[in-house]
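Enquirer: sequence first, predicted coordinates after that:
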Amino acid sequence: MFEFTVEATDPYSAARAGTIHTPHGAIPTPCFAPVGTQATVKTMTPRDLREVGATLVLANTYHLALRPGAETIARLGGLHVFMGWDGPLMTDSGGFQVFSLSSLRALDEDGVTFRSHLDGSLQRFTPESVIQIQEQLGADIIMPLDVCTPADSDYTENRRALELTHRWAERSHVTHYRPDQALYGIVQGGVFADLRAESARFIAGLDFPGFAIGGLSVGEPRPVMYAMLEATIPHLPDAKPRHLLGVGTPPEFVQAVARGIDTFDCVLPTREARHGAALTHQGRLNLRNAQFAEDPRPIAEDCECYTCSHFSRAYLRHLVKAGEILGISLITLHNLYYLLDLMCKIRQSIVEGRFAASIEQVGHAA
RNA sequence: GCGGCCUUAGCUCAAUGGGCAGAGCACCAGGUUGUGGCCCUGGGGGUUAUGGGUUCAAGUCCCAUAGGUCGCC
């Protein structure tokens, strides 16, 4: 079943190292989950994912419900079997996509109506239907439908969204029945500390096995995001895992872990790879740049990933400029290896009681 | 050999009846945080094939040359 154990805590911050046990294996935390929206981390085979050290993968309810459909995936044995990944899986509720991808959407007390970004057809999600879809998909960790406000929303708008999110969380909680799945509660509240605290207290009161923090890293300044974590996390129980949705970058990982976050998911490393950018300790390397045209060095001299041990920046730049799939694939592999390796080091530093020093090392990198 | 049409940015092409030579793509450089490989924002680029002529002013009108293309002996 689902269980979270804490193995070490940092004496100088809220950071902790632990393990989330799921029916499909253990997730050492802190952990970064690569995003596989359409039941695939773009260009990566499950074998690749294992090789770069991924333990948890996030897929998306919205996309999979529209195509190929949850019933289809259920008939084919569930998401794990369907995509060939037998490790832990998390599905996002689709709340975010309804608000970010769909051009037309109408919100009411019972749910949300929107147009499919695929064929324009009218679709309907309710808290209950989203839980039902995710039970058909069968991920180990699932998310309730929530209301995401635009970045420029004011206090009143955020309060209304938050209260609706809370009512939907209650409905999701009573609807969910599969005992082998952990349904997390999602905290919202925009950039308002009192709303964040109120949301955290309310959601924590519903006895979810884990919690997610949403609506951050949507354009607000980083100090604001950190302040929102500080307003939220003290109200969540220490004994349960906390996931930060949609984040992010190495310094954000360190800062969020220091405030008590256990898991992350983010499209950035894989998306940046598709745009020709490689992540390194020295910052982002835009491999499209002409300066790499005849650079024989790997992306990073000290990186032990398959890409860095076999290919030059010049070759990768050529692949990117030529629009070759392999370029995307090799850079994605490196970016994931880099972030997952970084997360291992963060975990190790917590276990060994020297996490404070790693804040110095990574906290200011790109 | 004769006649028509064409030649403008790296590429494909615009530019009222002479009035500051532009676009798309490419190139160069930024951006991208619960994923459309998309997209967005800037930037550098020209002796308008070559040589003459007319005009206050020529990518535009006239002559010659070169290259391309189509048609006809």
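Expert: Received it, and whenever you're ready, just let me know what you need. Numbering: from 1, shown residues only, chains lettered A, B, ... in the order given.

Enquirer: what helix or strand is the residue in chain A sticking out farthest from the centre on?
Expert: Most distant from the centre of chain A: residue A:294, at 35.7 Å, with distances by C-alpha atoms, centre = their mean. Using DSSP states H and E, residue A:294 sits within no helix or strand.

Enquirer: with residue A:26 instead?
Expert: strand A:25-29.

Enquirer: just checking: what are the partner strands of that strand?
Expert: strand A:16-22 (antiparallel) (DSSP bridges).

Enquirer: next, count neighbours for the nearest residue to residue A:79 once chain neighbours are set aside.
Expert: Using C-beta to C-beta, 6 or more residues apart in numbering and skipping the chain neighbours, the partner closest in space to residue A:79 is residue A:137 (4.5 Å). Heads up, the C-betas are built off the backbone N, CA and C, glycines and all. The tally of other residues near residue A:137 (other C-beta atoms under 10 Å) stands at 24.

Enquirer: how about residue A:109, what does it touch?
Expert: For residue A:109, the contacting residues are A:164, A:167, by C-beta atoms under 8 Å, 6 or more residues apart in numbering.

Enquirer: quick check, pLDDT for it.
Expert: What the model reports as pLDDT for residue A:109 is 95.

Enquirer: so where does it fall, helix or strand?
Expert: Applying DSSP H and E, one finds residue A:109 in no helix or strand.

Enquirer: separation between it and RNA strand B?
Expert: 19 Å (C-beta to the nearest atom of the strand, to the nearest Å).

Enquirer: do residue A:214 as well
Expert: 3 Å.

Enquirer: what sits against that residue?
Expert: A:95, A:96, A:146, A:148, A:186, A:187, A:188, A:245, A:246.

Enquirer: repeat that for 10 Å
Expert: A:92-93, A:95-96, A:143, A:146-148, A:165, A:186-189, A:199, A:243-246 (C-beta atoms under 10 Å, 6 or more residues apart in numbering).

Enquirer: now do residue A:69
Expert: Counting by C-beta under 10 Å, 6+ apart, residue A:69 has contacts A:75, A:133, A:136.

Enquirer: dump those residues into TSV; add secondary structure, distance to RNA strand B and neighbour count as well.
Expert: Formatted as TSV, the contacts of residue A:69 follow (DSSP: H, G, I helix; E, B strand; the rest coil; distance: C-beta to the nearest atom of the strand, whole Å; neighbours: other C-beta atoms under 10 Å):
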residue	secondary structure	distance to RNA strand B	neighbour count
A:75	helix	24	11
A:133	helix	14	24
A:136	helix	18	20
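
Enquirer: near RNA strand B too, which of the contacts of residue A:214?
Expert: Among the contacts of residue A:214, proximity to RNA strand B is found for A:92, A:93, A:95, A:96, A:143, A:146, A:148, A:186, A:188, A:245, A:246 (C-beta under 7 Å from any atom of the strand).

Enquirer: need the nearest residue in space to residue A:215, chain neighbours excluded.
Expert: Nearest one to residue A:215, counting by C-beta to C-beta, 6+ apart, is residue A:188 at 5.0 Å.

Enquirer: isn't residue A:57 right up against residue A:89?
Expert: Yes: contact between residue A:57 and residue A:89 holds when scored by C-beta atoms under 10 Å: they sit 5.7 Å apart.

Enquirer: shared neighbours of the two, anything?
Expert: A:33, A:36, A:39, A:79, A:80, A:83, A:139.

Enquirer: quick one: secondary structure of the last one?
Expert: Meaning residue A:139. coil (DSSP: H, G, I helix; E, B strand; the rest coil).

Enquirer: neighbours around it, how many?
Expert: 26.

Enquirer: and the fourth one, by the same measure?
Expert: As a burial measure, residue A:79 scores 24 neighbours (other C-beta under 10 Å).

Enquirer: circling back to that earlier point, pull the contacting residues for the residue nearest to the residue farthest from the centre of chain A when sequence neighbours are not counted.
Expert: Counting by C-beta to C-beta, 6+ apart, the nearest residue to residue A:294 once its immediate chain neighbours are dropped is residue A:314, at 5.4 Å. Contact partners of residue A:314, counting by C-beta under 10 Å, 6+ apart, are A:287, A:292, A:293, A:294, A:295, A:296, A:297.

Enquirer: done for today, thanks.
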